[in-house]
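Peer 1: Task: produce atomic coordinates for the following.
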Amino acid sequence: MKNKLSFKLKEFYILEAYQVYFYSSQLNAFEDPHIINAYELMIEKEKMHVDFFTGQIKKMGFQLPALTGAVFNAAGYLTGKSLNALDLKSRYKLAITFENEAIKMYESFISLIHNDPNLSGLTKNLWHFLVEEEFHQFWFKEHLSYLQ
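Peer 2: Reported below is the predicted structural model:
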């Protein structure tokens, strides 16, 4: 279980760091203060998740994975299109897809560890992060509906 836990914590550290980069890379494209502030709040929450996973990895004696620039450059360039070339609808659809995958990953991680009493604190945090990802997804869905 220790190897699985190490893998999952590192996987989520990378996921959350990627989300920070993904949302941060889009900030300059917006003019609407509502959208800018929503993205800034999402970035702030994702940074808190990164900090949490950093702490968990270190606390459990695991090595932090290296975050290379090449991996994160993918956040600015997806499916052959630069994010800057995407309209707002496309950005929201992409974010909904991304948040949906994060939600599935959280559900899977929770199901893996929820019966271990030694990991009850971690499980509780994973539930909170899952709900935050759902909030992000709901925000994107709601704002996408305004554009349809």
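Peer 1: By average pLDDT, which secondary structure element in the chain comes out worst?
Peer 2: Lowest on mean pLDDT, DSSP states H and E among the helices and strands of the chain sits strand 77-78, with a mean of 56.
Peer 1: Report the buried residues of stretch 125-144.
Peer 2: For stretch 125-144, the neighbour count (16 or more other CB atoms under 10 Å) marks 126, 129-130, 132-133, 136-137, 139-140, 143-144 as buried. Quick note: C-beta positions are derived from backbone N, CA and C, even for glycine.
Peer 1: how near is the residue lying closest to Met1 once chain neighbours are set aside to Ser24?
Peer 2: Here the nearest residue to Met1 in space, its sequence neighbours aside, is Asp116; by CB to CB, 6 or more residues apart in numbering that works out to 7.7 Å. Asp116 is 34 Å from Ser24, where distance means CB to CB, to the nearest Å.
Peer 1: got it, and Glu31?
Peer 2: Look at Glu31 and Ser24: by CB to CB, they are 17 Å apart.
Peer 1: Please identify which of the two sits among more neighbours.
Peer 2: Legend: neighbour count by other CB atoms under 10 Å for Glu31 and Ser24, higher for Ser24 (18 against 7).
Peer 1: Who are the contact partners of the more buried one?
Peer 2: Ile43 (CB atoms under 8 Å, 6 or more residues apart in numbering).
Peer 1: can you check the one 10 residues further on too?
Peer 2: Contact partners of His34, counting by CB under 8 Å, 6+ apart, are absent.
Peer 1: let's see it at 10 Å
Peer 2: His143 (CB atoms under 10 Å, 6 or more residues apart in numbering).
Peer 1: Before we go further, it is sitting in a helix, right?
Peer 2: Yes: assessed with DSSP: H, G, I helix; E, B strand; the rest coil, His34 lies in a helix.
Peer 1: Need the pLDDT of it.
Peer 2: The model reports His34 with a pLDDT of 97.
Peer 1: coming back round to it: JSON lines for the buried residues of stretch 125-144, including secondary structure and distance to Ile14?
Peer 2: Output for the buried residues of stretch 125-144, formatted as JSON lines (DSSP: H, G, I helix; E, B strand; the rest coil; distance: CB to CB, whole Å):
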{"residue": "Leu126", "secondary structure": "helix", "distance to Ile14": "16"}
{"residue": "Phe129", "secondary structure": "helix", "distance to Ile14": "14"}
{"residue": "Leu130", "secondary structure": "helix", "distance to Ile14": "17"}
{"residue": "Glu132", "secondary structure": "helix", "distance to Ile14": "17"}
{"residue": "Glu133", "secondary structure": "helix", "distance to Ile14": "15"}
{"residue": "His136", "secondary structure": "helix", "distance to Ile14": "18"}
{"residue": "Gln137", "secondary structure": "helix", "distance to Ile14": "20"}
{"residue": "Trp139", "secondary structure": "helix", "distance to Ile14": "23"}
{"residue": "Phe140", "secondary structure": "helix", "distance to Ile14": "22"}
{"residue": "His143", "secondary structure": "helix", "distance to Ile14": "27"}
{"residue": "Leu144", "secondary structure": "helix", "distance to Ile14": "27"}
